[in-house]
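Undergrad: Structure, please.
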Amino acid sequence: MRQRRRLVAVLLLSAVVLGAIVIGVVVVTRAPPLTPAEVAALAARAAARRLLAEETKNLAGVRRLVAVPLPKKEGAPAPGPAGSLFVSPLPSHQVVGFVPYWELGSLHAGDYANSSELVYSGVCPSASGGLLKTSRDCSLGLGDLGSSGFQSFVADAHGAGDRVLLSLTTTSTSVIRALDAKPAARAGTLAPVLVAIVRTYDLDGVNIDIEGSSAADAHGFVGFVSALVGQLRRLDPPGEIVIDTYASSAGTTGFFDPRKLAPLADEVFLMAYDLYSPFNASANSPLVSPTLGYSVIQSLIQYEKVMPAGKIVLGLPLYGNDFQTASAKPGASAVSSAPEAFSYGAIAAAGYPPRWDVASDTPYSVFRRAGVWHQIWFDDAVSLALKTAAASELHVAGVGAWAFGMEGRDSGLLAALDGGAAPQRASLSPPP
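TA: Numbering: from 1, shown residues only. This is a model prediction of the structure:
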């Protein structure tokens, strides 16, 4: 009996010791609390997974709208439009065409018939709030306002039922910061000058295409735009106001703050181009990005979280980028500092066989010139039809392009922007 009690005591003691050891092991191996940075990283990864799932879901809907079978093998010949681009006409929507001053003579009847409004680019602000006349492009854009070609352009646009807007454009950091530093004063000087041009040449509003590069200037830019729009509304209430922003702006912290800019404008022109990688040949305007790089569908999803879909116009390219590359392999490393841009008309005339990139749903061509490999990535009627379908699938106001005239005589690109239906003429509903 005594031995049995002793055995029980020994067993109990062993259990206690073993429990202590297990508890000790648990205590030693317990993970420390996550740091705020780690919590943020986990949240970012979860958000990325949700965004990719949403992008994939929308892509399936987009592809159902387009009638052209798409290659499934990387590098297969790019599909050409066979008959209609769309399974059935998409709902009528706005089509906005930018027209830089050097393309005025390139427009043809289709550019007017297939658009809702045309944006003349343009004139440049000066640091003092006037218009810059010393820069070549600025002086030519301003000077061409008085030309017979510009007068014919406005008359033809209005004859087709299109609005014509004047674009105020600059990428100068020094000018942008000067405008931001004294927004009320600079807007007070600039607005009457713009309104005078709008009235003199029978235009229908103003496009603000001021493109900065620093997040530090974002707050000041909102202040300047708010002051300028307030002055424009006061001086010319019927005039339409459109603000251009980068495709990445709704998903990152940068120069544009779409959430604060959207209430100031009738429409926001989302520039979904120049989304290529600086390190390798890549798509100018990818429909999707499996690695969650910048893409058209991703940008639309993010923009709709910060502004009404009915204010968004998806901006698309009628040009492509020619990369000098280390090899002929699709997406090879770039060996030049930056790609060279060419209009679609020039790319088509060059005659290089187009291939299809299945990751971005865009075409590209590979060729060798003067001993150097080149890859030119661009958009054609099929890839533009997919992006127009994306705009329809996500219910935005419409699509637009930089720039009309660059399509050459290829009416298929304009048909892709229209979605198989007559364009919806722009209506103006200024905010109260």
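
Undergrad: Longest helix in the chain, by number of residues?
TA: Counting by DSSP state H, the longest helix found in the chain is helix 36-65.

Undergrad: where are the low-confidence patches of the stretch 251-400 of the chain?
TA: 292 (pLDDT under 70).

Undergrad: how near is residue 420 to residue 388?
TA: Per CB to CB, to the nearest Å, residue 420 is found 9 Å from residue 388. Where you see a C-beta, it was placed from the backbone N, CA and C, and this is true even at glycine.

Undergrad: To clarify, my last question referred to residue 161.
TA: As judged by CB to CB, residue 161 and residue 388 stand 20 Å apart.

Undergrad: between those two, which one's more packed in?
TA: Taking neighbours as other CB atoms under 10 Å, residue 161 and residue 388 compare with residue 388 leading, 28 against 15.

Undergrad: Shouldn't that one be within a helix?
TA: Yes: judged by DSSP: H, G, I helix; E, B strand; the rest coil, residue 388 forms part of a helix.

Undergrad: what about residue 337, how many residues close to it?
TA: Counted with other CB under 10 Å, residues neighbouring residue 337 total 7.

Undergrad: just to confirm, which helix or strand has it in it?
TA: Element membership of residue 337, judged by DSSP states H and E, is empty: it is in no helix or strand.

Undergrad: repeat for residue 112
TA: Using DSSP H and E, residue 112 maps to helix 109-113.

Undergrad: Spell out the residue ranges of the helices in the stretch 301-432 of the chain.
TA: Residue ranges of the helices in the stretch 301-432 of the chain, as given by DSSP state H, counting those that start in this stretch, are 344-350, 381-393, 411-418.

Undergrad: Between residue 420 and residue 388, which contacts overlap?
TA: Here residue 420 and residue 388 have residue 90 as joint contacts, going by CB atoms under 8 Å, 6 or more residues apart in numbering.

Undergrad: Give me the average confidence score over the helix holding residue 112.
TA: For helix 109-113, mean pLDDT rounds to 96.

Undergrad: Are there helices or strands packed against the helix or strand just after that helix, and which ones?
TA: Heading C-terminal from helix 109-113, the first helix or strand you meet, by DSSP H and E, is strand 117-123. Packed against strand 117-123, as judged by 3 or more CB pairs under 8 Å, 6 or more residues apart in numbering; DSSP states H and E, are the following elements: strand 94-100, helix 136-143, helix 148-159, strand 163-170, strand 205-210.

Undergrad: May I see the buried residues of strand 117-123?
TA: For strand 117-123, the neighbour count (16 or more other CB atoms under 10 Å) marks 117-123 as buried.

Undergrad: Tabulate those residues (TSV), appending distance to residue 216 and pLDDT.
TA: Below are those laid out as TSV (distance: CB to CB, whole Å; pLDDT from 0 to 100):
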residue	distance to residue 216	pLDDT
117	33	97
118	34	98
119	28	98
120	31	98
121	26	98
122	26	96
123	26	98
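
Undergrad: quick one, strands of the stretch 251-400 of the chain?
TA: 267-271, 312-317, 319-325, 340-343, 355-357, 362-369, 372-377, 398-402 (DSSP state E, counting those that start in this stretch).

Undergrad: Can you redo these as JSON lines, where the extra columns are mean neighbour count and distance to residue 156?
TA: What follows is the strands of the stretch 251-400 of the chain, written out as JSON lines (neighbours: other CB atoms under 10 Å; distance: least, CB to CB, whole Å):
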{"stretch": "strand 267-271", "mean neighbour count": "27", "distance to residue 156": "22"}
{"stretch": "strand 312-317", "mean neighbour count": "26", "distance to residue 156": "22"}
{"stretch": "strand 319-325", "mean neighbour count": "24", "distance to residue 156": "23"}
{"stretch": "strand 340-343", "mean neighbour count": "17", "distance to residue 156": "21"}
{"stretch": "strand 355-357", "mean neighbour count": "21", "distance to residue 156": "36"}
{"stretch": "strand 362-369", "mean neighbour count": "18", "distance to residue 156": "31"}
{"stretch": "strand 372-377", "mean neighbour count": "21", "distance to residue 156": "32"}
{"stretch": "strand 398-402", "mean neighbour count": "28", "distance to residue 156": "18"}
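
Undergrad: Make a markdown table from these and add distance to residue 97 to it.
TA: Below are the strands of the stretch 251-400 of the chain laid out as a markdown table (distance: least, CB to CB, whole Å):
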| stretch | distance to residue 97 |
| --- | --- |
| strand 267-271 | 11 |
| strand 312-317 | 10 |
| strand 319-325 | 13 |
| strand 340-343 | 14 |
| strand 355-357 | 26 |
| strand 362-369 | 20 |
| strand 372-377 | 22 |
| strand 398-402 | 6 |
